[in-house]
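**Student:** whatever this is, show me its structure:
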Amino acid sequence: MTHYHMQKALLLATTILLLFSCRQTKQTAETVYFNGLVYTVNDMQPTAEAVAVADGKILAVGTSAEIQAYVGEKTESVDLQGKTLTPGFIESHAHLMGIGYNKLEIDLMYVATYEELVAKVAEAARSAEPGEWITGRGWHQDKWIELPKDAVKGFQIHDALSAATPNNPVYLAHASGHASFVNQKAMELAGIATLGGENIPQEVVGGEIIRDELGNPTGVLVERASGLVSRLIPKDTPERAEKALELALQELAEKGITSFHDAGSGQEVIDLLQKFKEEGRLTSRMYVMLSGRQPELIDTWLQKGPLIDPDHMVTVRSIKLNMDGALGPWGAWLLEDYSDKAGHRGHETMPIALVGEMAEQGLQYGFQICSHAIGDRTNREVLDQYEAAFAKHPEVTDHRFRIEHAQHLHPDDIGRFGELGVIAAIQAIHLSSDRPWAIGRLGAKRIKDGAYVWQKLLASGAVISNGTDAPVEPLDPIPSFYASVTRKTLKMQPDGGYEPDQKMTREQALRSYTLDAAYAEFEEDFKGSIEVGKAADFTVFDQNILEIPENEILNTRVVMTVVGGKTVYQAD
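**Tutor:** Below is the predicted model:
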């Protein structure tokens with residue numbers, strides 16, 4: 001063989017070896033999802049057909065043919081059959097244990113009349129032991145067909161409920177979580193006396209006992225007044241807490257939620273989540289806000305610092321402050337009187353100065369502050385407190401402080417979200433549920449100028465994250481996505497939607513539930529879009545939510561939920 005031919009043979013052998021080596025070193029996928037419509041929320045590659053996954057991370061994104069190169073003998077291939085795959089949906093404001101307990105208690109979310117509420121509670125009382133507490137949640141008087149004729153201050157009175165439950169104390173939380181309805185037995189145990197009683201409680205700071213014109217309690221307790229009764233309800237057993245968490249996680253998986261921002265919990269919930277993680281039972285990633293209602297808890301965490309989980313399963317780095325009430329019970333704190341309640345402007349539920357104190361400590365010790373603010377005055381006051389804290393700590397440039405709800409804003413304050421870098425953590429579904437009656441509370445001008453003003457917020461440069469506030473509303477993200485892009489009720493009214501110029505585009509709505517929700521928890525580099533190296537968290541829908549006619553969106557169903565490359569839910 002000539003020297004030339006020897007060189008040629010050597011070159012050929014080297015080339016074959018290199019090709020073989022490259023083929024051998026290309027990582028084989030554990031799972032590939034192909035033949036689908038993939039919305040990546042990645043501007044560099046907006047759509048694809050297939051995704052390859054290994055070690056819980058995204059290995060490749062491309063066409064079905066391209067992804068076949070990652071298939072090995074042990075690779076599981078999932079044929080999406082044309083279904084729509086998106087980044088895993090992130091619920092950015094809801095109450096985890098509330099979702100679970102709601103399944104263990106009486107669900108009043110869909111009752112249409114006071115009579116129906118009484119009937120459901122009476123049914124539960126028939127199988128309860130005398131003296132046993134009966135609890136429920138979800139009623140909302142403004143969503144009933146009509147109020148009883150003897151209503152007081154816009155709420156029903158307890159007489160019918162008390163007559164149906166003479167032997168059991170009853171505590172029924174309002175859908176908003178900002179009021180409750182109790183029976184005579186519960187009021188007696190709490191010392192809430194009728195007129196002429198010796199122990200009529202004085203005014204409750206941050207709350208109200210609704211009374212009739214004679215001074216008798218009606219059974220409705222607003223804001224912190226609910227604590228007079230709720231503190232008497234026996235504490236949960238560890239077994240019941242575990243069951244509630246199991247049910248909540250099941251609900252998250254079924255609704256396509258791969259990450260969850262828990263809007264205010266204590267150490268016992270964090271410990272339970274850690275237990276579930278260690279036991280391999282945690283099927284959604286958790287971002288826990290510490291409850292500002294527990295000062296000792298906050299002090300403890302400020303001293304030890306945030307918990308940023310390297311496994312991205314249980315992270316604690318934010319503090320939730322509840323600064324006003326809800327619009328339904330006239331508790332949202334307004335700059336001007338309620339249109340339907342002269343002389344009343346709602347109220348703060350914690351001293352507003354607390355926001356400034358916590359904001360400064362958050363900036364010093366690495367905690368994000370998330371302040372509940374519904375009314376325009378609360379939003380302004382919170383922004384003022386944030387701004388002052390930022391000015392004192394200019395060295396912190398990536399605080400990502402949030403306002404939870406940001407529902408009703410004064411026009412002068414809308415632009416401040418973008419200017420200050422404050423995240424608006426909205427729940428679009430609230431527009432569907434509340435807008436028909438909210439105009440009565442605020443009047444047309446305030447509604448148009450500053451209520452649910454999503455495009456105005458986005459135009460300011462603000463980041464919007466989306467959610468449901470479950471169990472205030474159902475956890476299902478599809479109705480909230482629908483509300484985001486149509487601004488209609490779930491009965492698809494009115495034509496064109498309420499204040500249609502504020503609709504989100506479908507791309508904006510998807511981003512608010514994925515990448516921007518990940519940003520709201522400092523995780524946008526790890527999840528929220530379908531890109532190589534990011535977490536393999538996916539939600540698969542049976543319809544193309546970005547393209548189907550809007551009146552078909554509500555019929556969309558989740559068919560698969562994947563967290564870290566593992567299927568945690570698959571529809572039959």
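**Student:** spatially central residue for the chain, please.
**Tutor:** In the chain, the centroid-proximal residue (CA atoms, centre = their mean) is His93; its distance is 2.4 Å.
**Student:** ok, and the closest non-adjacent residue to that one?
**Tutor:** Gly467 (4.1 Å; CB to CB, 6 or more residues apart in numbering). For the C-beta atoms, the positions are set from N, CA and C on the backbone; glycine is no exception.
**Student:** could you export the host helix or strand of Thr300 as PDB, CA atoms only?
**Tutor:** Using DSSP states H and E, Thr300 maps to helix 295-304. Taking Å, rounded to 0.1, in the frame of the first residue of the first chain, the C-alpha atoms of helix 295-304 are listed here in PDB:
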ATOM      1  CA  PRO A 295     -44.800  37.400  63.800                       C
ATOM      2  CA  GLU A 296     -42.700  34.800  65.600                       C
ATOM      3  CA  LEU A 297     -42.500  32.700  62.500                       C
ATOM      4  CA  ILE A 298     -41.300  35.700  60.500                       C
ATOM      5  CA  ASP A 299     -38.700  36.600  63.100                       C
ATOM      6  CA  THR A 300     -37.400  33.000  63.100                       C
ATOM      7  CA  TRP A 301     -37.000  32.900  59.300                       C
ATOM      8  CA  LEU A 302     -35.400  36.400  59.100                       C
ATOM      9  CA  GLN A 303     -32.800  35.200  61.500                       C
ATOM     10  CA  LYS A 304     -32.000  32.000  59.600                       C
END
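**Student:** show me where the stretch 101-250 of the chain dips below the pLDDT cut-off.
**Tutor:** For the stretch 101-250 of the chain, the stretches with pLDDT under 70 are 194-203.
**Student:** what ranges does it have for its strands?
**Tutor:** 106-107, 134-139, 170-174, 179-182, 207-211, 217-223 (DSSP state E, counting those that start in this stretch).
**Student:** list the neighbouring strands of the third one plus their orientation.
**Tutor:** Yep, that's strand 170-174 we're talking about. strand 134-139 (parallel), strand 179-182 (antiparallel) (DSSP bridges).
**Student:** buried ones in stretch 236-252?
**Tutor:** By neighbour count on 16 or more other CB atoms under 10 Å, the buried set for stretch 236-252 is 241-245, 247-252.
**Student:** quick one: contacts of it?
**Tutor:** For stretch 236-252, the external contacting residues (CB atoms under 8 Å, 6 or more residues apart in numbering) are 91, 96-97, 99-101, 103-104, 260, 268, 272-273, 276, 281-284, 475.
**Student:** Ile423 contacts Glu404, doesn't it?
**Tutor:** No. The pair Ile423 and Glu404 fails to qualify as a contact (CB atoms under 8 Å) at a distance of 9.3 Å.
**Student:** for these two, indicate the residue with more neighbours.
**Tutor:** The neighbour comparison of Ile423 against Glu404 (other CB atoms under 10 Å) goes to Glu404, with 29 against 26.
**Student:** can you check the pLDDT for the more buried one?
**Tutor:** On pLDDT, Glu404 comes in at 98.
**Student:** try Met1
**Tutor:** pLDDT, Met1: 49.
**Student:** likewise for Cys22?
**Tutor:** pLDDT, Cys22: 40.
**Student:** again with the one 5 residues further on
**Tutor:** In the prediction, the pLDDT value recorded for Gln27 is 90.
**Student:** equivalent analysis for Ala373, please.
**Tutor:** 98.
**Student:** surely it is in contact with His405?
**Tutor:** Yes. With contacts counted by CB under 8 Å, Ala373 reaches His405, the gap being 6.2 Å.
**Student:** how much space separates Ala94 from Pro471?
**Tutor:** 8 Å (CB to CB, to the nearest Å).
**Student:** neighbour count for the two, which is higher?
**Tutor:** Pro471 (27 against 23).
**Student:** wouldn't that one be in contact with Trp139 here?
**Tutor:** No. Counting by CB under 8 Å, Pro471 does not reach Trp139; the two are 12.0 Å apart.
**Student:** overlap of the contact sets of the two?
**Tutor:** With CB under 8 Å, 6+ apart, Pro471 and Trp139 have common neighbours Met109.
**Student:** identify the residues contacting Arg285.
**Tutor:** Arg285 neighbours (CB under 8 Å, 6+ apart): 258-260, 312-313, 527, 537, 563.
**Student:** closest to Gln294 among these?
**Tutor:** Phe260 (20.1 Å; CB to CB).
**Student:** wait, a strand at the closest one?
**Tutor:** Yes. Under DSSP: H, G, I helix; E, B strand; the rest coil, Phe260 sits within a strand.
**Student:** returning to what we had before: out of the strands paired with strand 170-174, nearest to Met109?
**Tutor:** strand 134-139 (3.4 Å).
**Student:** if we can go back for a sec, write a PyMOL command that selects only the buried members of the contacts of stretch 236-252.
**Tutor:** The PyMOL command for the buried members of these (criterion: 16+ other CB under 10 Å) is given here:
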select buried, resi 91+96+97+99+100+101+260+272+273+276+282+283+284+475
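**Student:** which of the contacts of stretch 236-252 fall within helices?
**Tutor:** If you go by DSSP state H, those have 96-97, 99-101, 103-104, 268, 272-273, 276 in helices.
**Student:** which of the residues you listed sits closest to Gly305?
**Tutor:** Leu273 (18.2 Å).
**Student:** my read is that that closest one contacts Met286, right?
**Tutor:** Yes. Leu273 is within contact range of Met286, at 5.4 Å (criterion: CB under 8 Å).
**Student:** mind listing the shared neighbours of these two?
**Tutor:** In contact with both Leu273 and Met286: Val314, using CB under 8 Å, 6+ apart.
**Student:** returning to that earlier point: now the angle between helix 295-304 and the very next helix or strand once past the helix holding Thr300, please.
**Tutor:** Using DSSP H and E, the helix or strand that directly follows helix 295-304 along the chain is strand 314-322. Using axes from the mean of the first three to the mean of the last three CA atoms, to 10 degrees, the inter-axis angle of strand 314-322 relative to helix 295-304 is 130 degrees.
**Student:** and the helices in the stretch 51-200 of the chain?
**Tutor:** 64-67, 96-104, 114-126, 159-164, 184-190 (DSSP state H, counting those that start in this stretch).
**Student:** quick one: what helix or strand has Ile447 in it?
**Tutor:** helix 444-450.
**Student:** output the contacting helices and strands for that helix.
**Tutor:** Contacts defined by 3 or more CB pairs under 8 Å, 6 or more residues apart in numbering; DSSP states H and E place helix 444-450 against helix 411-420, helix 429-442.
**Student:** Gly82 is nearest to which of these?
**Tutor:** Judging these by CB to CB, what sits closest to Gly82 is helix 429-442, at 28.0 Å.
**Student:** quick one: distance of the closest one to the chain centre.
**Tutor:** Put simply, helix 429-442 sits 18 Å off its chain's centre (CA atoms, centre = their mean, to the nearest Å).
**Student:** got the contact list for Gly418?
**Tutor:** Contacts of Gly418 (CB under 8 Å, 6+ apart): 457, 459-462.
**Student:** so which of those residues are in helices?
**Tutor:** 457, 459.
**Student:** and the contacts of Gly418, which is closest to Asp572?
**Tutor:** Leu457 (39.8 Å).
**Student:** quick one: pLDDT of that closest one?
**Tutor:** At Leu457, pLDDT is 98.
**Student:** so how far is Ser318 from it?
**Tutor:** For Leu457 relative to Ser318 (CB to CB), the value is 20 Å.
**Student:** so Glu552 is in contact with Gln543, correct?
**Tutor:** Yes. Counting by CB under 8 Å, Gln543 is a contact partner of Glu552 at 6.7 Å.
**Student:** who wins for most neighbours among the contacts of Arg285?
**Tutor:** Going by other CB under 10 Å, Asp537 tops these with 31 neighbours.
**Student:** quick check: that one vs Ala124, distance?
**Tutor:** 38 Å.
**Student:** ok, now Pro351?
**Tutor:** Per CB to CB, Pro351 is found 38 Å from Ala124.
**Student:** strands of the stretch 451-572 of the chain, start to end?
**Tutor:** Under the criterion DSSP E, counting those that start in this stretch, the stretch 451-572 of the chain carries strands at the ranges 464-465, 538-541, 558-563, 566-570.
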